[in-house]
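Colleague: from the sequence below, what's the structure:
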Amino acid sequence: MEDNKDRFALTRRSLKFLLLGLVVMVAGYILLAGGGVKDPQVFNYAMFDFRRLVAAPLVILCGVVIEIIAIMGCFDKKS
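Modeller: Got it, this is the predicted structure:
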């Protein structure tokens, strides 16, 4: 019987997917940043553009999905 006590639960391929998901989520948060002004009395319409309201949350959500696939996915134990 094989002793699995010293084996890591995630494979090399799933670790690559974890890093990819992290990079995608960081890219989404970078897309979300910005839009501030120095004068609080001035309204900035750039805060409500397509990039911040639609694109950035979708990119972050894709990163979360990649993370779930990396953790829960059934990858072969050869890699």
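Colleague: helix/strand/coil for Val37?
Modeller: State at Val37, reduced to three classes by DSSP: H, G, I helix; E, B strand; the rest coil: coil.
Colleague: so what's it up against?
Modeller: Contacts for Val37 (Cβ atoms under 8 Å, 6 or more residues apart in numbering) come out as Asn44. The way it works is simple: take the backbone N, C-alpha and C, and place the C-beta from them, glycine included.
Colleague: hang on, Gly28 packs against Arg51?
Modeller: No: using Cβ atoms under 8 Å, Gly28 is not in contact with Arg51, being 10.4 Å away.
Colleague: more crowded one of these two?
Modeller: Shown here are Gly28 and Arg51; by other Cβ atoms under 10 Å, Gly28 has more neighbours (19 against 13).
Colleague: which strand or helix spans the more buried one?
Modeller: Per DSSP states H and E, Gly28 falls inside helix 12-32.
Colleague: contacts for that helix, please.
Modeller: For helix 12-32, using Cβ under 8 Å, 6+ apart, the contacting residues are 10, 51-52, 55-67, 69-71, 73, 75-76, 79.
Colleague: quick one: buried ones out of those?
Modeller: For these, a burial check counting by 16 or more other Cβ atoms under 10 Å picks out Arg52, Ala56, Val59, Ile60, Gly63, Ile66, Glu67, Ile69, Ala70, Phe75.
Colleague: pLDDT, distance to Ala33 and secondary structure for those - can I get that in JSON lines?
Modeller: Putting those into JSON lines (pLDDT from 0 to 100; distance: Cβ to Cβ, whole Å; DSSP: H, G, I helix; E, B strand; the rest coil) gives the following:
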{"residue": "Arg52", "pLDDT": "91", "distance to Ala33": "9", "secondary structure": "helix"}
{"residue": "Ala56", "pLDDT": "95", "distance to Ala33": "9", "secondary structure": "helix"}
{"residue": "Val59", "pLDDT": "97", "distance to Ala33": "12", "secondary structure": "helix"}
{"residue": "Ile60", "pLDDT": "97", "distance to Ala33": "12", "secondary structure": "helix"}
{"residue": "Gly63", "pLDDT": "97", "distance to Ala33": "15", "secondary structure": "helix"}
{"residue": "Ile66", "pLDDT": "95", "distance to Ala33": "21", "secondary structure": "helix"}
{"residue": "Glu67", "pLDDT": "94", "distance to Ala33": "21", "secondary structure": "helix"}
{"residue": "Ile69", "pLDDT": "92", "distance to Ala33": "26", "secondary structure": "helix"}
{"residue": "Ala70", "pLDDT": "91", "distance to Ala33": "25", "secondary structure": "helix"}
{"residue": "Phe75", "pLDDT": "65", "distance to Ala33": "33", "secondary structure": "coil"}
